[in-house]
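Asker: Predicted model and sequence follow; I will ask about them next.
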Amino acid sequence: MRTTEKVNEIIESTKPITCVRQCENKPILAIGYADGSVKLFDRENEDADPIMFSGHKKAVNCIEFSSDGLLFATGGKDGVIVLWDILAERGMFRLHGHKESVTQMKFVRGDRFIISTSKDSLIKFWSIASQSCFYTVMDSRNEIYSMSLHRDESILVAATSELELLVFELNWKNGAIFEQEVKNEEPSAKKGTIDDAEDALANMANRYITTKLRGRVIRQSKGRALQLVPTHDGRFLVCVGADKVADVYRVFSEAESVKRLTKKLKSAKRKATSESSAVSEDDVTKDVTILVTRIGEMMLPHKIKWIDVVKSVKTEEQNLIYKWYALLTDNTVHWVKMTIEMNSNAVECDSVGNLDKLGHREDVRSLCVSSSSSLLASGGGNEVIVWSTHSLRSSLTLTDNDVKDVVAVNFVPGDNYILTGGKNGEIGVFELSSAELVETRKAHTGAIWTIQNTPDNEGFMTASADKTVRFWSFVLVTEGSRKRISIREQKVLELPDEALAASFSPDGKFLVVALLNNTCSVYFVDTLKFFVSLYGHSLPVTCVDVAPSSKLCVTGSVDKSVKVWGLDFGDCHKSFHAHDDAVTSVLFCPGEEQLFWSAGKDGKIKQWDAVKFILVQSLDRHTSDIRCLAQFSNGSVMFSASHDKSIRCWEKTDEMVIVEEREEMEREEEYEKKLIDEDDVVAGENADNEAGVASSKTSSSVVSAENIIQAVDIARNEKAQRAEDPNHEPHPLIGAYNSKSLDHFIVDVIAKCRASDLDRTLLLIPLSYVADILLAIASCTQQQYKAELCTHVSVYLTRVHLSHIIASSEYVPIFEQMNSKMSEGVEKLREITGTNLAALRLLATEMEDREQVKMFAQIELGTDNPKKKRKGRKAVLKTLA
């Protein structure tokens, strides 16, 4: 943040990132994606491949790590919570219970339980041991977006769509003690008003916690509360709303709460004495500000999207200083220093630094490449940024108070000046050498949507929403001791309706203007006489471009279609249903192939053949509306700007695009998508179960299942052919896996499955292949070959197909072999492990006696008495080779 230089970046998926979480105890970064997958990255080993988990059908909303960093939970928009084992790289189970999107989760009580919030207005308490929900809080009637735990998990603060924060008091108890207290309660205390019968039955199994709504705390930020972020010491809490103001709250400790209660009681008694009225101590203790109170706010320039706090805190006399990082809606990151005076609760926030020099603060509405293809100009908001096309870094930012709402940019021939067009109808002329605005001109009364140089490069034209196209020329004027370019109006073309786009033909003969009345008008450039009207779109035409041959014209419209026209007679050659939303830009590729690009609000860029009328290829890296396209003069590089705050650079490669192969790949993707959408039937599970299989079906799990089935078929054929011909050459795949036997080959193929997808892959294996897999596993376990994997697969397949196995007598000899072989193999492994462990302990004892040091010191937990701590000599140990 001090140098504003990018240190590193992670590019591992084409899907949008929906959440990011850093493990506090381990160098692990978890990233959730919109397709429901999660990837874990090792920050200490950047070269290591990420671990991928797939357990949600919709986007991942939140990620939470356990305190030891060995487990993590994910909550998705599908209302499902999935628990994952990081060491085993495998899912444990999924929890069903929420009816809407899960917004946040917390591991509590030594990672034994999980607390989750959801948009269904419920707060649920889950037991990891029993894989079930044992308690549900239903005091909120609105969507819950975030929560925070304080004071050793005894205070829970929930943020909802209301202008209040809910404060709950949590009383954690031992199960046996809780049952005894429930028995001693009065009958009236056992009554409750619970609307949901299912949640009422679930709460009857609760033996661990009681909750009480202590009150509601008002917040000042507008809209719904999006996020609650506590400081790491738990003293303060920041609430982010749909505003540029974040509320700051103080959470008092038990001692501070007692002092505040005493003061409030004394104040209430004095007030009651003066007013001759009685005061109730219960009324004072119900005041929620004894626990949590608002002390100030954090004001930032724009709306806050996300916020986080640095773990360290600095103390200066009575002040505590915290460092915060805030992501704003204008695509900037701010570094904020928050100073809190403990005695007066005064809050002071100062912006220390920000990342606002690396890109646009608003949507990019126009792109233009210089004639030398060395610079790219992008206009959006109140600024124009000039980028180097070689380094793809910002080299210059052009701003001025007179330039606002830039929607069109263009390089002046020579690449020394840039023209800008705004929504207010003004043209700005920027000089690149000085980065100054040298001239402004009120050219139109409406927005200027297009600026384009004339084919002879002696001037330019502007197309505007005021129903005119104006032609301008460049002139050289003298200012003091220097000369600069100025612009002068030459002629005006009146239009029947508002112009949304315009384009010259490369030969300089025609000007094609896209109009709001669903048509395109073609004019002669020299006389400005009307030539022909291109009509056929059902909605306004938003973009237009002319082919390099000047014989074809392509138009895009809000009606989602792209039409190819002939400029000889104005006839429509072909109409494509190009996009799933409005078409925003079209661009012909240079050359004789007659190829052109189209971009739309569906976030896709497509290439078409204007002669053969076929789709050539599709690019779908953008995640939102695409505003504009630009390319090099030779077509080797193309740029696209999108509403997702990104400008992407596309490079033309030498790889041949075969349309038939692309169509075949699309059909395969559609088929795989149908397979993924189909629900699998898992033995012993139904839709009403709270717990289920963690992983979800993905394309990789389907491919892995097909590979296992293929391996079993190969093994069967090999056995039959070897019986007929002992000199038979083995299948090439067996040699590729370097397997010693057919049983090893089957296990090797299973081992190639991704660990997180293994369970879901095994569910896709038909029953007719299970017997062969179990026999191969038994043989490999006997030889101690990948025994851990073999035992897991055998147990899982047996559990899934248990009903069929019990009902069929053909599995009896199979399980007899498994019982003898696997027991023998596992017992040998236990003996080897025990022998190695005993040898290591003996080696450690010998080293301790020889070096007079203690290699492993026992950590004492749960004691604060220094006399009880074990004393031992400490020394720095080196790794022995």
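Answerer: Nice, I can see it. Please read all numbers here as calculations on a predicted model, not as lab measurements.
Asker: residue ranges for the helices of this protein, please.
Answerer: Under the criterion DSSP state H, helices of the chain are mapped to 175-184, 197-204, 254-275, 281-285, 659-677, 699-724, 732-737, 742-751, 758-763, 770-782, 787-800, 802-807, 811-851.
Asker: Nearest to Gly110 among these would be which one?
Answerer: With Cβ to Cβ, the closest approach to Gly110 among these belongs to helix 175-184: 14.6 Å. Glycine gets a C-beta too; all of them are placed from N, C-alpha and C.
Asker: Averaged pLDDT, the closest one. What do you get?
Answerer: Helix 175-184 comes out with an average pLDDT of 47.
Asker: going forward, begin numbering at 24 instead of 1
Answerer: Okay, using 24 as the starting number, the last item reads as helix 198-207.
Asker: how about the helices of the chain in JSON lines, adding distance to Ser544 and mean neighbour count?
Answerer: Putting those into JSON lines (distance: least, Cβ to Cβ, whole Å; neighbours: other Cβ atoms under 10 Å) gives the following:
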{"stretch": "helix 198-207", "distance to Ser544": "80", "mean neighbour count": "11"}
{"stretch": "helix 220-227", "distance to Ser544": "65", "mean neighbour count": "14"}
{"stretch": "helix 277-298", "distance to Ser544": "75", "mean neighbour count": "13"}
{"stretch": "helix 304-308", "distance to Ser544": "77", "mean neighbour count": "12"}
{"stretch": "helix 682-700", "distance to Ser544": "34", "mean neighbour count": "11"}
{"stretch": "helix 722-747", "distance to Ser544": "48", "mean neighbour count": "16"}
{"stretch": "helix 755-760", "distance to Ser544": "64", "mean neighbour count": "14"}
{"stretch": "helix 765-774", "distance to Ser544": "64", "mean neighbour count": "22"}
{"stretch": "helix 781-786", "distance to Ser544": "58", "mean neighbour count": "23"}
{"stretch": "helix 793-805", "distance to Ser544": "70", "mean neighbour count": "23"}
{"stretch": "helix 810-823", "distance to Ser544": "67", "mean neighbour count": "18"}
{"stretch": "helix 825-830", "distance to Ser544": "72", "mean neighbour count": "12"}
{"stretch": "helix 834-874", "distance to Ser544": "78", "mean neighbour count": "13"}
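Asker: tell me, which of the ones you listed is the model least confident about?
Answerer: Least confident of the helices of the chain, judged by mean pLDDT, is helix 198-207 with a mean of 47.
Asker: give the contact list for Glu454.
Answerer: Contacts for Glu454 (Cβ atoms under 8 Å, 6 or more residues apart in numbering) come out as Asn439, Tyr440, Val461, Arg507.
Asker: Recalculate using a threshold of 6 Å.
Answerer: Counting by Cβ atoms under 6 Å, 6 or more residues apart in numbering, Glu454 touches Tyr440, Val461.
Asker: Can you name the residues bridging to it?
Answerer: Tyr440, Glu459 (DSSP bridges).
Asker: what's the answer for the one 10 residues further on, then?
Answerer: Beta-bridge pairing of Arg464 under DSSP bridges involves Ile450.
Asker: My guess is it contacts Ile450. True?
Answerer: Yes. Counting by Cβ atoms under 6 Å, a contact exists between Arg464 and Ile450, whose distance comes to 4.6 Å.
Asker: These two: which has the busier surroundings?
Answerer: Applying other Cβ atoms under 10 Å to Arg464 and Ile450 shows that Ile450 carries more neighbours, namely 25 against 17.
Asker: so which of the helices of the chain comes closest to Ala431?
Answerer: For these, the distance to Ala431 is smallest for helix 682-700, at 34.3 Å, taking Cβ to Cβ.
Asker: Pull the residues that contact the closest one.
Answerer: Contacts of helix 682-700 with the rest of the structure, by Cβ under 6 Å, 6+ apart, involve Ile637, Lys720, Ser722, Val725.
Asker: Can you pick out the most distant pair from those?
Answerer: The widest separation within the contacts of helix 682-700, taken as Cβ to Cβ, falls between Ile637 and Lys720 and amounts to 33.1 Å.
Asker: if you count what's nearby, which of those two comes out ahead?
Answerer: Relative neighbour count places Lys720 above the other of Ile637 and Lys720, with 23 against 14, counting by other Cβ under 10 Å.
Asker: Between the two ends of stretch 571-587, what distance do you get?
Answerer: Criterion Cα to Cα, to the nearest Å; first-to-last residue distance in stretch 571-587 is 14 Å.
Asker: What residues sit buried inside it?
Answerer: For stretch 571-587, a neighbour-count test (16 or more other Cβ atoms under 10 Å) marks 571, 573, 575-587 as buried.
Asker: Mark which of the residues you listed are part of strands, please.
Answerer: Leu575, Cys576, Val577, Thr578, Gly579, Ser580, Ser584, Val585, Lys586, Val587 (DSSP state E).
Asker: circling back to that earlier point, and which of the buried residues of stretch 571-587 is nearest to Ser367?
Answerer: When these are compared for distance to Ser367, the smallest value, 58.0 Å, is given by Val581; criterion: Cβ to Cβ.
Asker: where does that closest one sit relative to Leu781, distance-wise?
Answerer: 48 Å (Cβ to Cβ, to the nearest Å).
Asker: Domain boundaries for the chain, per the record?
Answerer: With domains defined by automatic domain parsing, the chain comprises 24-161, 384-516, 518-680, 714-852.
Asker: quick one: the first one to chain centroid distance?
Answerer: Averaging C-alpha positions (Cα atoms, centre = their mean, to the nearest Å) puts domain 24-161 12 Å from its chain's average.
Asker: next one: the third one
Answerer: For domain 518-680, the gap between its own C-alpha mean and the chain's C-alpha mean amounts to 32 Å (Cα atoms, centre = their mean).
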